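Undergrad: Predicted model, plus sequence, below.
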Amino acid sequence: MPPSEFVVKTVYWFFLYGCIGWGVEVVYAAIKEHKLVNRGFLCGPICPIYGFGMVGLVYSVNLIPLPDSGSLSAAAVFFIGMALTTAIELVGGWALFKIYHIRWWDYSNMKFNLGGYICPQFSLLWGLGSVLMIKVFHPLLARGSNPMPFKVMLILDIVLLLIFAVDVGVSTAAAIGLNKYLREIDELRARLRVTSDKLTTVLGTGAMTADAVLDEQKLQLALAKLEGRENAAELRAEVTARVSDLRDKLAAAEHDHIGARRLLRAFPGMKSLKYGETLATTRAAMVRLRELAANARETAATAAATAAAAGRRTVDTGLPDKADIWIGNIALCKYLS
């Protein structure tokens, strides 16, 4: 095979098997989580680790001297595939962790795992998948691609490489942006914690809960307890500002469909080296904000009618009335709608 043809076919197989691997990941996630998720670091429908794995496996199998039977046994393909794909998964997971300080997948809960990057259970699956691909699917795909003219495959490779390069750039920026979100949210949480401690000193324990930060109704009920206390206005303003800043940042992450939101959905087992607690809190907070936004949308019409009929914002007790509560929750809807 001429070198040019070898390179063109290698790139072709990389993209083909990368797309197939992405499809496998999506189906696996759909079965496990009962929803469709773009399972991949990149925005497009491709998982490069599968492309590298299958290209390496195909050429590794071809380089091994064949026995008298004319083909490698399924057992040989199994062990070669298991060793190769496991090595790629280990190196890939380690490299991504070192570059972004985020563990995109984690097998720490699996027995006999190595650093959370690999585990024998999935290595066995990679081995079985290798046998299936080499013995069944690759021969079919190879025969199907043979009629494709060289120039057509070359043009296809060039187009895909250009798209792939753009995707890598966008996705790298998204990963960096996710780290930025986590750092800023971590800082905002620290500031809010200081303010919450002040509120606790004035009102006693349990003044501010995590849900009160996200739920406008619970926040207003907590702040209403400040009425008549010393420096109530200043503390109310400080709490409101801190909560608003945190909500804005969480809403920005939720709206970042290409970046933070997509990556958090694609990698439910993701762990951050530096912002582990903040990552878990952010994930839970974004889910809670979506729930509150959905509730607010359902009551939007009722809230408007009630506010118009009531003609007031607070009841005599100083606590917010239902119109205030609904309007506050509707405000959350602006972040996510």
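TA: On my side now, so go ahead.
Undergrad: rest of the way, CA atoms for contacts and neighbours
TA: Noted.
Undergrad: Could you count how many residues lie near residue 218?
TA: Neighbours of residue 218 under the rule other Cα atoms under 10 Å: 16.
Undergrad: Residue 96 now?
TA: Close neighbours of residue 96, defined as other Cα under 10 Å, add up to 13.
Undergrad: could you list every residue that touches it?
TA: Neighbour list for residue 96: 102, 103, 104 [criterion: Cα atoms under 8 Å, 6 or more residues apart in numbering].
Undergrad: quick one, what contacts the most centrally placed residue in the chain?
TA: Nearest to the geometric centre of the chain sits residue 264, at 2.0 Å (Cα atoms, centre = their mean). With Cα under 8 Å, 6+ apart as the criterion, the residues that contact residue 264 are 270, 283.
Undergrad: any idea how far residue 188 is from it?
TA: Residue 264 sits 20 Å away from residue 188, going by Cα to Cα, to the nearest Å.
Undergrad: can you check residue 180 too?
TA: Residue 180 is 12 Å from residue 188, by Cα to Cα.
Undergrad: Quick check: what element follows the lengthiest helix in the chain along the chain?
TA: Looking across the chain with DSSP state H, the single longest helix is helix 150-203. Sequence-wise, the next helix or strand downstream of helix 150-203 (DSSP states H and E) is helix 210-214.
Undergrad: what packs against the next helix or strand after that following helix?
TA: Heading C-terminal from helix 210-214, the first helix or strand you meet, by DSSP H and E, is helix 216-224. Here helix 216-224 touches helix 210-214, helix 322-336, going by 3 or more Cα pairs under 8 Å, 6 or more residues apart in numbering; DSSP states H and E.
Undergrad: Among those helices, show the one with the smallest mean pLDDT.
TA: Looking at the helices and strands packed on helix 216-224, the lowest mean pLDDT belongs to helix 322-336 (a mean of 47).
Undergrad: So residue 292, which state does it fall into?
TA: Under DSSP: H, G, I helix; E, B strand; the rest coil, the three-state class of residue 292 is helix.
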